[in-house]
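*Asks:* Build me a model from this:
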Amino acid sequence: MKSAITRGPVALAWFLTVGLLLAPHAFAAPERLPLEVDGHPLALWTESPKTPQATLLLVHGRTWSSLPNFDLAVSGKNRSVFDAFVRKGYAVYALDLRGYGASARDETGWLTPARAVADVRAALDHIAARHPRIAQRPALLGYSRGAQIAVVLAQSDSRAAAALVLFGFPPGVRNTSTPAVDKPPRAPTTAAAAAEDFITPGAASRTVIEAYVSAALAADPVRVDWRDENQLAFEPAKIATPTLMIYGVNDPFRNAASAAFFDALAARDRAYVVLPDSDHAAHVENSASAWVHAIDGFLQSPRAKE
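*Replies:* As a prediction, this is how the structure comes out:
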C-alpha cells in the first residue's frame, strides 16, 4: 500500500500543532497577582486565554505549592495544568496558601484549616470580581489537602464556588490536637517525600518524576506547619454544590470511606471518576490528558453550569 506524505500548509499546521503540544510551556508562564487577605499578602497565580468562558481556582495539597503541581515543565512534554485548562477556555488561577511557594507564613508561623478556608473564599471572590462578564462563580479544584479545604468551605457556603472538583480527596476526618510545641518545627522537605506519590509502575517517566521532585524542592524547601486539624470535619450531607470526585486507581485515598462520602453528598449533580494506570499524582502522569478531559466534561455539563 502506498503511503501519502502531506506537504504544504496542511503539513505546516500539523507540525506547529504537534510542536505546541510537546512544548514544555505552550503559553506564557503564569502571572503572579497580588492578593491581600486580612492584611497578609498571598500569591495568586493566573493564566488565561484572551476571552475566557469560565474561571477555575486550583488549590494545592499538604506539602507542595501551586507551581510544581499545576505548571510542571518537563523536557519534551507539557504537563502544565494551567496550559491544559487555558486551551479549554478557562481563566485559571492557583493560590499558594500561607507558607507555601511564594506566600509567606503569617505572624503565627502556623496554618489552620479555618485560615485556609477563609483565604480560599477570598480568592474566589477576587476572581469573580476580575471577571464580571462571566456570570457563573469560579469552579474550585482542590488537590488532596486542598480538596479537604474545598469541602469545609462548601459545607458552610454552597454558593462559594460554581462546582467542586475533589482530586485525591483524603476522606478521613482528622482529630489532631494542637502541637505541644510553641514554635513551628519548620522541618526541611525531602526528595523522597516529593517522589512518594508516584507508586504506579510506568505511569510517569523518570524524567517527569525528577522534574516534579526538583520543582517541588525548589518551591517548598521547608514543610508548612499545620495545627487545629480537628477543624477538618467533613459533612457531605451539607454539600449541595455540583461535585466531581476524581482519583487515580492506585491512589490510597480511593477507598471505602471515599465511596461512602460520595454516596452521602447532598449534591444532585455528582460524579466519581477513577483513572486507570495512575495514583495520587495522576495530574502529571501519563493520565494527565484523561484527567483534564474528565474534569472539563463535568464542569461543562448543563447542570454543573446552572
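
*Asks:* What's the local residue count around the closest residue to Ala281 other than its chain neighbours?
*Replies:* Closest residue to Ala281 in three dimensions, ignoring its sequence neighbours and counting by Cβ to Cβ, 6 or more residues apart in numbering: Asp197, at 4.3 Å. Using the backbone N, CA and C atoms, a C-beta is placed for each residue, glycine as well. Neighbour count of Asp197, defined by other Cβ atoms under 10 Å: 25.

*Asks:* Can I take it that Asp197 is in a strand?
*Replies:* No: using DSSP: H, G, I helix; E, B strand; the rest coil, the assignment for Asp197 is coil, not a strand.

*Asks:* From here on, call the first residue 23.
*Replies:* Taking 23 as the first residue, the last one we looked at is Asp219.

*Asks:* which residues touch it?
*Replies:* Taking Cβ atoms under 8 Å, 6 or more residues apart in numbering, we find Asp219 in contact with 301-303.

*Asks:* before we move on, what about Gln170?
*Replies:* Contacts of Gln170 (Cβ under 8 Å, 6+ apart): 135, 164, 191-192, 254, 256.

*Asks:* from those, which two are the most distant?
*Replies:* Pro135 and Phe191 (14.1 Å; Cβ to Cβ).

*Asks:* ok, these two, which is more surrounded?
*Replies:* Taking neighbours as other Cβ under 10 Å, Pro135 and Phe191 compare with Phe191 leading, 28 against 21.

*Asks:* For that one, which residues are in contact?
*Replies:* 164, 166, 169-170, 173, 267, 269, 275, 280, 283.

*Asks:* From these, which land in helices?
*Replies:* 169-170, 173, 280, 283 (DSSP state H).

*Asks:* quick one: which of those is most hemmed in?
*Replies:* For the ones in helices among the contacts of Phe191, the largest number of neighbours (other Cβ under 10 Å) sits with Gln170, at 28 neighbours.

*Asks:* now it: how far from Ala279?
*Replies:* 13 Å (Cβ to Cβ, to the nearest Å).

*Asks:* go on, Arg84?
*Replies:* Separation of Arg84 from Ala279 (Cβ to Cβ) stands at 17 Å.

*Asks:* Low-confidence ranges, the protein, go.
*Replies:* 23-49, 195-201, 325-328 (pLDDT under 70).

*Asks:* so where do the strands sit in the chain?
*Replies:* 53-59, 62-69, 76-81, 94-96, 99-101, 112-118, 161-165, 186-189, 265-270, 292-297 (DSSP state E).

*Asks:* Quick check: which of the ones you listed is nearest to Ala312?
*Replies:* strand 292-297 (5.6 Å).

*Asks:* How far does the closest one sit from its chain's centre?
*Replies:* Chain-centre distance of strand 292-297: 16 Å, with Cα atoms, centre = their mean, to the nearest Å.

*Asks:* for this protein, what spans make up the helices?
*Replies:* 30-44, 88-92, 103-109, 135-152, 167-178, 213-217, 228-241, 278-286, 310-321.

*Asks:* Go ahead and name everything in contact with the fourth one.
*Replies:* Taking contacts as Cβ under 8 Å, 6+ apart, the residues outside helix 135-152 that touch it are 57, 59-60, 64, 66, 77, 79, 81, 113, 115, 117, 119-120, 128, 156, 159-160, 162, 170-172, 174-175, 178-179, 182-183, 248, 250-251, 253-254.
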